[in-house]
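J.: Take this sequence and fold it.
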Amino acid sequence: MNFTLRGILIAFAVVTFRASVCAYGPLGHKIVGAVADERLANTPTAVKVSALVDGLTLEKAALIADEIKGWDNKGVDDPKSFRYSSHRNIDRQLRDFWRANQPTHDANSLAPSHHWFHYTDVPVIPAQRYRDGRIGRGKWDIVHMIPFCIDVLQGRIPEQNDRKITKTVALILLAHYLADIHQPLHVGAAYFDEQGRMTDPDKNKSALADEGGNSFTLELSDEPRRRRGIRKKKFHGFWDYDAVNALFPQVPGRLPRKELEAQIEPFKQQLVHEMATKEPRNWRMPSNVSIDSYAEVWADEILPIAREAHVRLEFRNVKPFLDNYRIVAAGEAIEKPAPGQTLYRTWASSVVRDELHKAGWRLADLLEKIL
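T.: Residues are numbered from 1 along each chain as shown. Modelled structure (predicted):
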């Protein structure tokens, strides 16, 4: 990989936005929220949740943190911007939140972008924990924002804070972030050297990040032959969408979006009920871990999976890439041939099922503890 001016100028041809991708997509977030809804049904916590979000279910509330990205292009004051018209108080609070955390390309901005709150980019090479380093972490990343929201809901941070995160907004964000932090590529990232090899960014200061897989295409060994007009999928997008949709093999994959959602819905409801009634493995937090440390524990738990998500792939044609005023690594990720090893798609879908299951139970448990 040649980090030359020429390579950077070539990268101008295509520009992406790291945080525009939604962890697990709407379907994954709905599953997590719906599992928590069923776990909390007919409890005092459910009554408190309903009061805070004006009768919305967690399944619906879990989508909002990504939906408000629709305000980014023209702002919340554009007369044509969408509104939560049935929930005017929530709409007002969300608009205040967006104004206080508008998208920015300035990494040193005192007012952070709300996009930053959804992820962290801990290097997967070498293997490490969240607190082992600084690269890829930040005070506005998901590991910090989950406890911030918890503190608002528990009254340790006043609702009149600079981030405009009220108790209602905090609950909406937690319903979303619990799924985000259980998505491997929202926690771990690869960094590449000038030869296009994964490297330790603490030792190689010129290493470029892979943007959580957003700047790489993905090619799997079981991928059907692409038809004309069908683009290669993104590495990150595979984890958001394909690995979740693979939980429903009964539904044909190549359908228009609305038809796909309609066909998946009854199977989704069955899966949610199964997840809500069957306890997942290893979901409980140790009794000696404080609630404010839960996010860091969850990040450390998913990091080995993020590492494996990269190690199972071969990265080719890695080059510098301009992503909204920031130079990152871009290229192709191709499944490594490994006789006797589970296919990448099968492995990833199994991971996603486990993580969505745990996230739903953890969301319900967290809300019971803090409300």
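
J.: ranges for the strands of the chain?
T.: Ranges of strands in the chain, per DSSP state E, are 122-123, 188-189, 191-192, 208-209, 216-219, 313-323, 326-335.

J.: closest to residue 292 out of those strands?
T.: Proximity to residue 292 (Cβ to Cβ) singles out strand 122-123 among the strands of the chain, at 18.8 Å. Placement of C-beta: from N, CA and C, glycine included.

J.: Touching, residue 58 and residue 49? I think so.
T.: Yes. Counting by Cβ atoms under 8 Å, residue 58 touches residue 49, with 6.6 Å between them.

J.: any shared contact partners between the two?
T.: With contacts defined as Cβ atoms under 8 Å, 6 or more residues apart in numbering, the residues shared by residue 58 and residue 49 are residue 40.

J.: Of those two, which one has the most company?
T.: Neighbour count, other Cβ atoms under 10 Å: between residue 58 and residue 49, residue 58 has more, with 31 against 24.

J.: The closest residue to the more buried one other than its chain neighbours and residue 313: what is the separation?
T.: If the residues on either side of it in the chain are set aside, residue 58 comes closest to residue 33, at 3.9 Å by Cβ to Cβ, 6 or more residues apart in numbering. Look at residue 33 and residue 313: by Cβ to Cβ, to the nearest Å, they are 30 Å apart.

J.: Look at these two and report which has more neighbours.
T.: For the pair residue 33 and residue 313, the greater number of neighbours falls to residue 33 (27 against 21), based on other Cβ under 10 Å.

J.: doesn't residue 363 make contact with that one?
T.: Yes. Assessed by Cβ under 8 Å, residue 33 is found in contact with residue 363 at 7.3 Å.

J.: which residues do the two both contact?
T.: Joint contacts of residue 33 and residue 363 (Cβ under 8 Å, 6+ apart) are 58, 175.

J.: closest to residue 72 out of the strands of the chain?
T.: Closest approach to residue 72 among those is made by strand 313-323 (15.3 Å; Cβ to Cβ).

J.: Counting by contacts, list what that closest one packs against.
T.: For strand 313-323, the elements it packs on are helix 5-11, strand 326-335, judged by 3 or more Cβ pairs under 8 Å, 6 or more residues apart in numbering; DSSP states H and E.

J.: between the strands of the chain, which gets nearest to residue 79?
T.: Nearest to residue 79, of the strands of the chain and by Cβ to Cβ, is strand 313-323 at 30.8 Å.

J.: Give me the buried positions along the longest helix that the chain contains.
T.: Scanning the chain for the longest helix, with DSSP state H as the assignment, gives helix 344-370. Across helix 344-370, burial judged by 16 or more other Cβ atoms under 10 Å covers 344-345, 347-349, 351-368, 370.

J.: mind checking how far that helix is from the chain centre?
T.: Relative to the centre of its chain, helix 344-370 is centred 13 Å away, using Cα atoms, centre = their mean, to the nearest Å.

J.: what about that helix, average pLDDT?
T.: The average of the pLDDT scores along helix 344-370 is 98.

J.: Tell me what angle that helix forms with strand 326-335.
T.: Relative orientation of helix 344-370 and strand 326-335, computed by axes from the mean of the first three to the mean of the last three Cα atoms, to 10 degrees: 120 degrees.

J.: Comparing the helices and strands packed on strand 313-323 by mean pLDDT, which bottoms out?
T.: Going by mean pLDDT, the lowest-scoring of those is helix 5-11, which has a mean of 35.

J.: export stretch 167-182 as PDB, just CAs?
T.: Extracted C-alpha coordinates of stretch 167-182, given in PDB (Å, rounded to 0.1, in the frame of the first residue of the first chain):
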ATOM      1  CA  LYS A 167     -33.900  10.400  30.600                       C
ATOM      2  CA  THR A 168     -36.200   9.700  27.700                       C
ATOM      3  CA  VAL A 169     -33.300  10.100  25.200                       C
ATOM      4  CA  ALA A 170     -31.000   8.100  27.400                       C
ATOM      5  CA  LEU A 171     -33.500   5.100  27.400                       C
ATOM      6  CA  ILE A 172     -33.900   5.400  23.600                       C
ATOM      7  CA  LEU A 173     -30.100   5.400  23.100                       C
ATOM      8  CA  LEU A 174     -29.500   2.400  25.500                       C
ATOM      9  CA  ALA A 175     -32.200   0.400  23.600                       C
ATOM     10  CA  HIS A 176     -30.000   0.900  20.500                       C
ATOM     11  CA  TYR A 177     -26.500   0.800  21.900                       C
ATOM     12  CA  LEU A 178     -27.000  -2.600  23.600                       C
ATOM     13  CA  ALA A 179     -27.200  -4.100  20.200                       C
ATOM     14  CA  ASP A 180     -24.400  -2.000  18.800                       C
ATOM     15  CA  ILE A 181     -21.900  -3.100  21.400                       C
ATOM     16  CA  HIS A 182     -22.700  -6.800  20.600                       C
END
